[in-house]
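S.K.: Let me see the structure of the following:
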Amino acid sequence: MKAGDISGDALPRLAEVKTDEEQTRPSTRLWQRMAFGAIVLISAFLNFFQISQVGYGNAYYAAAVKSMLQSWHAFFFVSFDSGGFVSVDKPPLGFWIQASSAKIFGFSGWSLLLPEAIAGIFSVMVLYLLVRRIWGSLAGLLAALALALSPVSMVMNRSNNIDGLLVLTVLLAAWTACRATESGRLRWLLLCALMVSLGFHIKTLEAYLVVPALSLVYLLGAPLRWRRRIWHLSVALALLLVLSFTWITMVDLTPTSQRPYVGSSQTNSEIELTFDYNGLERLLGYKGANSDSATSQSASSSATEIGLPGIFRLFNQQLGSQVGWLLLLAILGPVVAAWQTKRRWPLDRQQQSLVLWGIWLLTMGVFFSAAKFYHPYYLTMLAPAICALSSICVLALWRDYRRPGWRGWLLPAELVATALVQAVILSNFSAWSAWITPIVVGWCLVAALILTIARLELPLGIPSTFMTPAITLGVLTLLLAPTVWDVVTLQQVSNTAFPTAGPLPSHANNELANLAEASSSDGSDDTVLEHYLLHNQGKTPYLLATLNATTAAPLILDTGQPVMALGGFGGSDPILTIQQLSELVSNGTVRFFLLPGVVDTSRLPDDLPPQWRKTLQRSDVAGALGRNGQLVRWVQKSCAVVAQNLWHSPSPFQSSLNNGQALYDCLAKQRDF
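M.R.: Residues are numbered from 1 along each chain as shown. Now for the predicted structure:
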């Protein structure tokens with residue numbers, strides 16, 4: 001019997017398939033629970049194995065947490081330094097959680113990374129429950145496994161960047177939205193608004209990317225009249241806005257003299273930070289300190305990091321290896337599954353699920369394809385939708401395959417197409433593509449060939465002796481490349497400030513590797529400088545002032561002392577005027593300044609990375625700093641230069657870097673050139 005002779009009544013419609021609890025035997029449930037436990041263990045292993053090699057993670061945020069532990073004032077305002085000079089560029093909740101972990105277990109890299117690692121495990125569990133309750137345990141297991149192995153998710157679960165906590169929060173919001181839609185109860189919808197507001201307090205407007213999906217699910221699926229649905233959504237939206245902006249409003253209403261400067265803002269405002277730097281600038285591009293040169297440099301840097309905007313950006317070299325492995329399956333998933341459901345109004349549970357994950361994928365896919373300023377690890381927000389929809393797609397294709405009609409040929413075709421997409425992504429990593437691509441493409445072709453022969457020659461009612469192993473082989477093969485990326489990530493020290501998973505592209509030069517290694521230090525490693533400052537600090541509140549947080553963070557981590565970042569994170573925040581800086585020096589708030597100076601290029605080692613060499617060879621660093629360059633010039637004119645032999649590290653590499661800096665003592669009576 002040919003596939004075309006199969007009766008349409010041979011299998012139930014997808015919308016009529018019962019959940020596992022209704023159709024499986026206890027022995028089957030036990031197997032599924034064991035599989036789920038194994039996936040959770042895989043996630044835990046990937047999140048925790050050799051996590052100590054990450055050190056403190058992102059030193060900027062780690063230093064802020066250490067400062068927050070020393071003062072309730074710094075804790076509430078998320079101050080970068082314990083003196084309360086400038087805050088970090090994100091809301092407080094994620095760092096409050098990290099600070100709580102550090103308070104309980106002691107301040108260490110492990111205690112800072114613990115909340116994210118645990119959040120990653122719980123995200124896998126929540127996604128499993130979300131998919132299983134609608135599509136069954138097999139789909140739930142596949143979605144959970146895909147998320148556990150997702151490179152961008154795994155690398156963020158091993159970081160003190162707060163994206164992992166954000167993902168868990170919005171997944172919990174999705175859970176409450178589903179319960180609200182199924183029951184039509186307002187309290188579940190209000191709980192959903194609460195969860196999204198918590199996500200807002202972790203990473204502001206990025207949490208709102210899920211709002212269109214959550215709102216549309218309730219609007220189209222709740223068993224209520226239209227007016228009541230709209231009323232419920234309006235009440236939930238009002239609660240969301242009130243809860244989201246409570247802390248921000250409190251900060252902005254606090255007199256500026258009684259709180260830190262809002263880091264990465266240009267007007268010392270959390271509202272401006274939220275809607276500008278963490279809002280429009282993410283979409284339109286970073287403006288820096290309103291400088292055309294800064295905008296141009298940022299655009300070039302962003303293009304290098306995430307590629308140019310476009311509909312195929314998520315498959316490109318920079319982003320594809322982080323999140324694009326199963327993206328083709330995810331895109332096809334809602335279409336194939338929707339074919340197999342009856343149109344009902346309001347939507348049934350499976351249709352609600354398709355709307356949830358489909359709009360989640362669409363909203364974030366459009367944003368990340370068009371936005372001009374973000375980092376690859378932001379795509380961890382996209383991973384749950386990709387994993388959920390790819391598992392739904394496999395289930396839907398499998399059911400179509402076992403029915404008559406042309407749609408049955410989509411399963412083998414999609415396996416091969418997804419394998420080819422992975423081959424394109426792997427082509428940017430020639431050393432790895434040489435052996436991974438033949439395996440992925442080859443085994444998917446084998447699986448597709450078996451499925452094709454079985455569909456042509458065998459009747460529907462036969463045991464799935466060949467078909468089940470074939471689809472299993474194809475799906476597991478598609479998970480090979482992301483698994484390799486995970487393993488590579490575990491074996492190397494990556495850029496902890498801007499984490500990415502997997503190996504560097506084959507054509508990337510050693511400069512990128514050197515910069516990644518340089519950014520992964522646990523501290524400043526400059527004990528000579530630290531000893532000199534601590535020995536001569538006296539009663540001065542601030543140990544040191546630097547131009548930016550990148551220089552200040554390792555010193556805070558090593559000494560626990562407040563270090564002033566004059567220009568905030570990147571050095572461009574307009575925090576002080578020359579008069580204000582002069583007053584800080586005259587009243588004894590800060591004495592020492594470590595600032596850019598003229599470099600002795602003859603002392604640079606031959607093996608110094610090219611980017612470091614280019615930076616250090618600039619003869620007029622202060623002139624390139626805009627407004628804050630005036631602060632540098634004031635210190636250069638008003639304070640004495642400390643002899644290099646008193647504070648230089650004996651390390652050749654660190655000494656070379658210190659050649660680009662000069663230490664100034666503003667209490668010295670005479671200059672020491």
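S.K.: quick one: low-confidence ranges for the stretch 251-400 of the chain?
M.R.: For the stretch 251-400 of the chain, the stretches with pLDDT under 70 are 287-302.
S.K.: quick one: the helices in it?
M.R.: Along the stretch 251-400 of the chain, counting by DSSP state H, counting those that start in this stretch, helices occupy 270-272, 281-284, 292-306, 317-323, 327-339, 349-370, 383-401.
S.K.: Let's have these in TSV, adding distance to Leu411.
M.R.: From N, CA and C alone the C-beta is placed, and that goes for glycine too. Output for the helices of the stretch 251-400 of the chain, formatted as TSV (distance: least, Cβ to Cβ, whole Å):
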stretch	distance to Leu411
helix 270-272	51
helix 281-284	38
helix 292-306	33
helix 317-323	23
helix 327-339	9
helix 349-370	19
helix 383-401	4
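S.K.: Quickly compare these and say which is most buried.
M.R.: Most buried of the helices of the stretch 251-400 of the chain by mean neighbour count (mean count of other Cβ atoms under 10 Å) is helix 383-401; its value is a mean of 27.
S.K.: mind exporting it as PDB, just the C-alpha atoms?
M.R.: Only the C-alpha atoms of helix 383-401 are listed here, as PDB (Å, rounded to 0.1, in the frame of the first residue of the first chain):
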ATOM      1  CA  ALA A 383      16.200  30.800  22.700                       C
ATOM      2  CA  PRO A 384      13.000  29.500  24.600                       C
ATOM      3  CA  ALA A 385      10.800  30.300  21.600                       C
ATOM      4  CA  ILE A 386      13.200  28.600  19.200                       C
ATOM      5  CA  CYS A 387      13.400  25.500  21.300                       C
ATOM      6  CA  ALA A 388       9.700  25.300  21.900                       C
ATOM      7  CA  LEU A 389       8.700  25.800  18.300                       C
ATOM      8  CA  SER A 390      11.400  23.500  16.900                       C
ATOM      9  CA  SER A 391      10.100  20.700  19.200                       C
ATOM     10  CA  ILE A 392       6.500  21.400  18.100                       C
ATOM     11  CA  CYS A 393       7.600  21.400  14.500                       C
ATOM     12  CA  VAL A 394       9.200  18.000  14.800                       C
ATOM     13  CA  LEU A 395       6.000  16.600  16.400                       C
ATOM     14  CA  ALA A 396       3.800  18.100  13.700                       C
ATOM     15  CA  LEU A 397       6.100  17.000  10.900                       C
ATOM     16  CA  TRP A 398       6.100  13.500  12.300                       C
ATOM     17  CA  ARG A 399       2.300  13.300  12.400                       C
ATOM     18  CA  ASP A 400       2.100  14.700   8.900                       C
ATOM     19  CA  TYR A 401       4.600  12.100   7.800                       C
END
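S.K.: quick one, it and helix 349-370 angle?
M.R.: Angle, helix 383-401 to helix 349-370, by axes from the mean of the first three to the mean of the last three Cα atoms, to 10 degrees: 130 degrees.
S.K.: Where does the prediction get shaky in the stretch 101-250 of the chain?
M.R.: For the stretch 101-250 of the chain, no stretch is flagged by pLDDT under 70.
S.K.: what about the helices in it?
M.R.: Under DSSP H, counting those that start in this stretch, the stretch 101-250 of the chain gives helices at 109-135, 137-149, 151-157, 163-183, 186-203, 211-221, 226-244, 246-253.
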